[in-house]
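Engineer: pasting the structure only:
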């Protein structure tokens, strides 16, 4: 089972979808002679562009019939690529320096896009998809007379949940993406052909882009197909992580509408968890309500639990199952109304479960309350706060065993790391320099055999979002080594 964990923090890229049409999914890229791109001032407006120079979708896209053969050709080409093994992250060479795309010459080929960092070809694939679809949805918001109207009422946009390489390499690749299309009129748009309308009134799509590196900082879009079709066609070769607009965790959970479900047989069957989304997410505006915070739950057949609450009239509570989801018990951890978010898990040696509550957030700082239980939540023992002075926010936490634990914290400018060697009774600072300023996101700390692992990155709005650096320690956190770049 994969240990892939979604990064704590939303990675937002603009991207979109492949086509679902009359029971068959077709690739229509061949139909469109021009993909829109922005022209610099003084250049002629080409077919497929608006008078203002903004790119628009030609009328050919709106035709009902698509060439089925082209979709098959895309899948056949993807099948020739070397599949990537399912893993936490994908190692990539650090060959290129990041550059400002604004200083580069715009490609004459409209199917080509520029990349600030070619090593992150998954981001280039997202840019391809943005180029291909996004501007059709963009509308002029300056004419709106009532600025208090929610933007969803007058402004259509595309949102990527995440993108991930499935096969190939930077030179030639297949990248899967999970997409949500927020259309002003979702019931009356061609985009309903691309996916399904969810409870959030957005169109959820799963697609794979087939592309190649044309030259150093330029990538070429060669085709798009439905991810499900791609995976079914190459299933005999590999079982990659499937990009889904409603993501399924490798720990086997999924959220559909207002229902959290878990699976113990690799997604073959599902059992619902008796908890509401309001209980689970509360007022945490940093979550997207389609995925759980990394490090906030534990799923195994003999022990499964989620932590929720920490508001007025709702104590911090752990909902627990010890019989593979057949029955559930709610166990109170503490009564505190100011919890921002909670982490929960099992120590690496299975000796106890823990709950870390981040409470009383004020001006970029907060306090922490840590409790552990050796009887599956029936009783709890409080441990020392990670910091007595409330100078940071916790963004990652784990216990590697009964004594050794790590916390990643941030002041929104830099990362810091804290370690305990006595089961949470005392904490000390760990020196682990990030690769540069602005690297303020981490995966939940992990352990593989005797190696401790952190993945450090930027949040979804930064230039290097989606690129991580892997840090390892082989001496129980005393020293750390940056072993290079990886991508989601």
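Structural biologist: Great, that's in hand. These figures come from a predicted structure and were not determined experimentally. Numbering: from 1, shown residues only.
Engineer: low-scoring pLDDT stretches of the stretch 101-250 of the chain, where are they?
Structural biologist: Confidence mapping of the stretch 101-250 of the chain against pLDDT under 70 gives the ranges 110, 132-156, 186, 188-191, 193, 234-250.
Engineer: tell me where it has helices.
Structural biologist: 121-133, 227-233 (DSSP state H, counting those that start in this stretch).
Engineer: which other helices and strands contact the first one?
Structural biologist: Pointing back at helix 121-133 there. strand 112-114, strand 157-168, strand 172-182, strand 203-215, strand 218-226 (3 or more CB pairs under 8 Å, 6 or more residues apart in numbering; DSSP states H and E). The way it works is simple: take the backbone N, C-alpha and C, and place the C-beta from them, glycine included.
Engineer: can you lay out those strands as TSV showing distance to residue 95?
Structural biologist: What follows is the helices and strands packed on helix 121-133, written out as TSV (distance: least, CB to CB, whole Å):
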stretch	distance to residue 95
strand 112-114	17
strand 157-168	16
strand 172-182	15
strand 203-215	11
strand 218-226	14
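Engineer: so which of the ones you listed is the most surrounded?
Structural biologist: For the helices and strands packed on helix 121-133, the largest average neighbour count (mean count of other CB atoms under 10 Å) is found in strand 172-182, namely a mean of 25.
Engineer: that one pairs with which strands, parallel or anti?
Structural biologist: Strand 172-182 pairs in its sheet with strand 157-168 (antiparallel), strand 203-215 (antiparallel), by DSSP bridges.
Engineer: now distance to residue 274 too, for these, in TSV please.
Structural biologist: Listed next are these as TSV, based on distance: least, CB to CB, whole Å:
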stretch	distance to residue 274
strand 157-168	26
strand 203-215	25
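Engineer: for burial, what's the neighbour tally of residue 425?
Structural biologist: 11 (other CB atoms under 10 Å).
Engineer: wait, residue 346
Structural biologist: So residue 346, with other CB under 10 Å, has 17 neighbours.
Engineer: backbone dihedrals for it, please?
Structural biologist: phi -110, psi 140 (degrees, to the nearest 10).
Engineer: wait, it touches residue 303, no?
Structural biologist: Yes. With contact defined as CB atoms under 8 Å, residue 346 counts as touching residue 303 (6.7 Å).
Engineer: can you pull the domain assignment for this structure?
Structural biologist: Using automatic domain parsing, the domain ranges for the chain come out as 29-233, 253-487.
Engineer: sorry, back to before: joint contacts of residue 346 and residue 303?
Structural biologist: Taking CB atoms under 8 Å, 6 or more residues apart in numbering as the criterion, residue 346 and residue 303 both touch residue 353.
Engineer: residue 330 contacts residue 317, correct?
Structural biologist: Yes. Using CB under 8 Å, residue 330 is in contact with residue 317, at 5.2 Å.
Engineer: more neighbours, the two?
Structural biologist: Comparing residue 330 with residue 317 by other CB under 10 Å, the one with more neighbours is residue 317, at 22 against 15.
Engineer: and the more buried one, that one's in a helix?
Structural biologist: No. Under DSSP: H, G, I helix; E, B strand; the rest coil, residue 317 sits outside any helix and is assigned strand.
Engineer: list the contacts of it.
Structural biologist: Contact partners of residue 317, counting by CB under 8 Å, 6+ apart, are 307, 308, 309, 330, 331, 332, 333.
Engineer: can you say which of the helices of the stretch 101-250 of the chain is packed in most?
Structural biologist: Greatest burial across those, using mean count of other CB under 10 Å, falls to helix 121-133, with a mean of 25.
Engineer: format the helices of the stretch 101-250 of the chain as JSON lines; extra columns: distance to residue 182.
Structural biologist: Formatted as JSON lines, these follow (distance: least, CB to CB, whole Å):
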{"stretch": "helix 121-133", "distance to residue 182": "13"}
{"stretch": "helix 227-233", "distance to residue 182": "20"}
